[in-house]
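[1] attaching a predicted model along with its sequence, questions to come.
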Amino acid sequence: MIEVEKKFILTDEQEKRLLDGAEFLGEKNITDTYYDDTSYSLTRKDLWLRKRDASFELKIPMNVSIEERVNDCYRELETDKEIAAYLKLSEKKALAEALTENGYAPFVTIVTTRRKYKKDGYNIDLDSADFGYRIAEIECMVEAESEIHDTGQKIIQYAKTHGLSGDNAIRGKVAKYLERNNPAHLQALIEAKVVK
């Protein structure tokens with residue numbers, strides 16, 4: 001499956017309008033630890049390796065350059081074997097050990113309280129990160145790459161019907177954390193055209 005999503009910063013009024021009539025699916029706390037090496041070789045390629053609670057995940061970009069990007073779109077690898085193969089690491093060792101041996105280490109841990117909703121066929125996540133950042137995502141899962149563009153446009157139109165803007169400069173949680181705490185890493189991502 002391919003995740004197509006758009007990030008938004010919501011006012012209280014926009015949040016109320018967006019959630020009006022939505023089905024509340026639940027709330028949970030998520031602990032994400034993100035990994036990279038000292039050259040930022042993963043994140044400079046828009047690759048996001050994280051350990052979410054107890055399991056590793058790797059988000060691989062599926063869309064165009066940041067200048068042309070309207071939505072975020074990633075394919076997610078969720079097994080240690082897939083991740084090790086993609087990163088060309090030994091599959092004979094535990095993934096955590098292979099990562100350490102190849103110079104990958106945690107660069108941030110973020111604890112997020114996530115409230116999940118469903119409305120009109122879209123998933124809506126409202127995230128509140130432990131460093132004081134709130135963000136909303138409207139997302140949809142698709143089967144094929146051929147569906148990415150149209151789905152992205154539908155998300156934007158859906159957001160507009162709820163009074164949300166299609167601003168492309170909204171940073172995700174990790175980029176916002178880096179903006180506040182590690183400007184050198186953020187600058188490397190800006191220069192690599194991963195974030196604006």
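    Happy to help now that I have it. Being a predicted model, the structure only gives us computed values, none of them experimental.
[2] quick one, helices of the protein?
    In order along the chain, the chain carries the following helices (DSSP state H): 12-19, 80-86, 95-101, 148-161, 173-181, 183-191.
[3] any stretches of the protein with poor pLDDT?
    63-71, 166-169 (pLDDT under 70).
[4] number of nearby residues for residue 112?
    Residue 112: 20 surrounding residues under other C-beta atoms under 10 Å. Heads up, the C-betas are built off the backbone N, CA and C, glycines and all.
[5] can you tell me which residues contact it?
    Listed by C-beta atoms under 8 Å, 6 or more residues apart in numbering, the contact partners of residue 112 are 29-32, 127-130, 173.
[6] and stretch 82-98, how far apart are its ends?
    13 Å (C-alpha to C-alpha, to the nearest Å).
[7] chain center to it, what's the gap?
    Taking C-alpha atoms, centre = their mean, to the nearest Å, one finds stretch 82-98 lying 22 Å from the centre of the chain it belongs to.
[8] what ranges do the strands span in this structure?
    Along the chain, counting by DSSP state E, strands occupy 2-8, 23-36, 48-52, 55-61, 72-77, 105-119, 122-129, 134-142.
[9] what comes up buried for the fifth one?
    This means strand 72-77. Of the residues in strand 72-77, those buried by neighbour count under the rule 16 or more other C-beta atoms under 10 Å are 72-74, 77.
[10] same check on stretch 183-196?
    185-186, 188-190, 194-195.
[11] filter the contacts of residue 112 to the buried ones?
    Going by neighbour count (16+ other C-beta under 10 Å), these have 32, 127-129, 173 buried.
[12] the residue in the chain sticking out farthest from the centre and residue 38, how far apart?
    Taking C-alpha atoms, centre = their mean as the measure, the residue most remote from the mean C-alpha position of the chain is residue 92, 28.8 Å away. Taking C-beta to C-beta, to the nearest Å as the criterion, residue 92 is separated from residue 38 by 25 Å.
[13] got it, and residue 79?
    Between residue 79 and residue 38 the distance is 27 Å, computed by C-beta to C-beta.
[14] ok, these two, which is more surrounded?
    Taking other C-beta under 10 Å, residue 79 and residue 38 do not tie; residue 79 has more neighbours (13 against 10).
[15] what's the most distant pair in the buried ones among the contacts of residue 112?
    Across the buried ones among the contacts of residue 112, the two members that end up farthest from each other (C-beta to C-beta) are 32 and 128, 13.4 Å apart.
[16] rewinding a little: closest to residue 44 out of the contacts of residue 112?
    So of these, ranked by how close each gets to residue 44 (C-beta to C-beta), first place is residue 173, at 18.0 Å.
[17] return the residues in contact with the closest one.
    Residues near residue 173 by C-beta under 8 Å, 6+ apart: 110, 112, 127, 129, 133, 135.
[18] any chance of those residues in a markdown table, plus distance to residue 1?
    Rendered in a markdown table, the data for these read as follows (distance: C-beta to C-beta, whole Å):
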| residue | distance to residue 1 |
| --- | --- |
| 110 | 24 |
| 112 | 21 |
| 127 | 20 |
| 129 | 25 |
| 133 | 27 |
| 135 | 22 |
